[in-house]
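**Student:** My questions are about this predicted structure, shown below with the sequence.
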Amino acid sequence: MPDREPPGWPWLRERLTRLRQTTRPGAAAEAVPAAVRTAVVTDSAAALPADWVRDFTADGRLTVVPMPVMVGSEIYGEGEDDIVDTIAVALASGVPVRTSRPSPGQFEQAYLAAAARGFESVVSIHISAELSGTPDSARLAAAKVGIPVEVLDSRTVGMAQGMGVQSAVVAAADGRGAEEVSAYARERLDRTRVYFYVPSLEQLRRGGRIGAAASLWGTMFSIKPILAVEGGKVVPLEKVRSAVRAIARLEEVAAADALSRPQGEARIAVHHFGNRTEAEQLASRLERQLPGCPAAQISSLPAVLAAHAGLGVLVVIVGESSTPVPGSAGTSRGTGPLST
């Protein structure tokens, strides 16, 4: 079953299509100046929906650099290989699953490709440096190319990172310069939170995302923790005694956060790995509690994140609309059909 797209996203796609058309030779006078051409680069930890990526990479405005995943002795590229089932089987059978950052050369190729297509600057938005060396690879590459590149550490993961990328892409397609594109991304990233539940802490411990003591404590006492990403790191939020209670508490925490947002601004995404039905049920319950919020985006966790979270993970991303209004100045909080 394909991932579900919220109702607001087709509006965003239509707008970006129109913006791309106005930048073609012979376009009307409202076309954006050639001097303000910014490309956006990110990595596959952003969990952007596949159809969204296909639509917005066609003109080179967006590039997603795949993050490698190693299953046993085999290396797979996120987005390049169908590795979800492979990872699921490996995790279930105890085969080692590891991840790595993309090489500086991959980012260098992305930046040079943007320059070759006529873009004059790049904003490169990546998974938290506390969880991956990916931003360092991007910075090494940025120092080698002639085109100006700003590397932005998102301090988060998944669609929390992806929402920041989406705001950057819309701003870039609207003709904003690199400084403003980066500002839109930063603002949205700052207002986005990640909450998640994992049945076992073992995979996070193996990947070095939590301490050995925390993993042992959780195993011994059958604790099912609610975790969050804060300051770029995975941190414990609450400790619950059963899976049923943990999922219920995850729902409560996410709903309370969304309800605290300005009226009509909240946006939700739900990730899963090997438990789509649970994710759909969680999303449906959240939607009933958040009548003013667009339907949640439901998607499988990217392989590079699933390798650390393990099977049965449930992630809720809570953010806000932040699509720039074309041609406007000041606040980047969009309204109406331009909101993502």
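**Tutor:** Arrived safely, thanks for sending. Not measured: the values here are computed from a predicted model.
**Student:** and the residue lying closest to residue 285 once chain neighbours are set aside, what does it touch?
**Tutor:** Distance criterion CB to CB, 6 or more residues apart in numbering; nearest residue to residue 285, sequence neighbours excluded, is residue 251 at 5.8 Å. Heads up, the C-betas are built off the backbone N, CA and C, glycines and all. Contacts of residue 251 were listed using CB atoms under 8 Å, 6 or more residues apart in numbering, and they are 282, 285-286, 316.
**Student:** mind listing the helices for this protein?
**Tutor:** Per DSSP state H, the chain has helices spanning 8-22, 50-56, 84-93, 104-116, 134-142, 158-173, 178-190, 202-206, 212-220, 243-259, 276-289, 303-309. These are given in chain order.
**Student:** Give me the number of neighbouring residues for residue 252.
**Tutor:** 13 (other CB atoms under 10 Å).
**Student:** hang on, I meant residue 236
**Tutor:** Around residue 236 sit 14 other residues, with neighbours defined as other CB under 10 Å.
**Student:** who's in contact with residue 137?
**Tutor:** Taking CB under 8 Å, 6+ apart as the definition of contact, the neighbours of residue 137 are 101-104, 106-107.
**Student:** just residue 320 next, same as before
**Tutor:** Residues counted as contacts of residue 320 (CB under 8 Å, 6+ apart) are 188, 191-192, 261-262, 265-267, 333.
**Student:** Show the model's pLDDT score for the nearest residue to residue 147 once chain neighbours are set aside.
**Tutor:** Using CB to CB, 6+ apart and skipping the chain neighbours, the partner closest in space to residue 147 is residue 115 (4.2 Å). If you check residue 115, the pLDDT there is 95.
**Student:** correct me, but residue 115 touches residue 146?
**Tutor:** Yes - the pair residue 115 and residue 146 qualifies as a contact (CB atoms under 8 Å) at a distance of 6.7 Å.
**Student:** okay, now residue 248: neighbour count?
**Tutor:** When counting by other CB under 10 Å, one arrives at 15 neighbours for residue 248.
**Student:** and if you look at residue 73?
**Tutor:** Other residues within reach of residue 73, judged by other CB under 10 Å, total 7.
**Student:** same thing with the one 3 residues further on?
**Tutor:** When neighbours are counted by other CB under 10 Å, residue 76 registers 19.
**Student:** Below-threshold pLDDT in the stretch 51-200 of the chain: ranges please.
**Tutor:** Counting by pLDDT under 70, the low-confidence segments of the stretch 51-200 of the chain come to 77-82.
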